[in-house]
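*Asks:* How does the following fold in three dimensions:
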Amino acid sequence: MLAGVVGVATFAAAPNLTAAWNQAPEDVRQIERSAYYPDCRAARSAGVAPIHAGSPGYREGLDRDSDGIACEPWRGR
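*Replies:* Numbering: from 1, shown residues only. Next up is the predicted model:
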């Protein structure tokens, strides 16, 4: 069951990335600003993490490694 949920979540995020590639940079920035999360804890609480570039709520300040995915799971050593 969990694999099905993860698969749906992954598929649902893919159109946002494709849409970002096909839009003008200012359009992408407007989409990203359409939601605001002060930190990743808030994004996770809202159930939207990880946030991909071009998706509502994405901003560079939440993307620690600048790979286009904000608030991604992190496993410390």
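
*Asks:* remind me which residues of this protein are low pLDDT?
*Replies:* Under the criterion pLDDT under 70, the flagged ranges of the chain are 1-21, 76-77.

*Asks:* tell me which element residue 35 falls in.
*Replies:* Assigned by DSSP states H and E, residue 35 belongs to no helix or strand.

*Asks:* I'd guessed it sits against residue 59; true?
*Replies:* No - Residue 35 lies out of contact with residue 59 (CB atoms under 8 Å); the separation is 9.7 Å. Placement of C-beta: from N, CA and C, glycine included.

*Asks:* what about residue 59, distance to residue 75?
*Replies:* 23 Å (CB to CB, to the nearest Å).

*Asks:* for residue 60, same thing?
*Replies:* 22 Å.

*Asks:* Who has more neighbours out of these two?
*Replies:* residue 60 (11 against 4; other CB atoms under 10 Å).

*Asks:* Just give the nearest non-adjacent residue to that one, would you?
*Replies:* residue 66 (7.1 Å; CB to CB, 6 or more residues apart in numbering).

*Asks:* Now do the same for that neighbour: helix, strand or coil?
*Replies:* coil (DSSP: H, G, I helix; E, B strand; the rest coil).

*Asks:* What is the burial count for it?
*Replies:* 9.

*Asks:* Residue 54 is in contact with residue 28, correct?
*Replies:* Yes - distance between residue 28 and residue 54: 5.0 Å, which falls inside the contact criterion (CB under 8 Å).

*Asks:* which of these two has more neighbours?
*Replies:* Using other CB under 10 Å as the criterion, residue 28 and residue 54 rank with residue 54 on top: 21 against 18.

*Asks:* No more questions from me, cheers.
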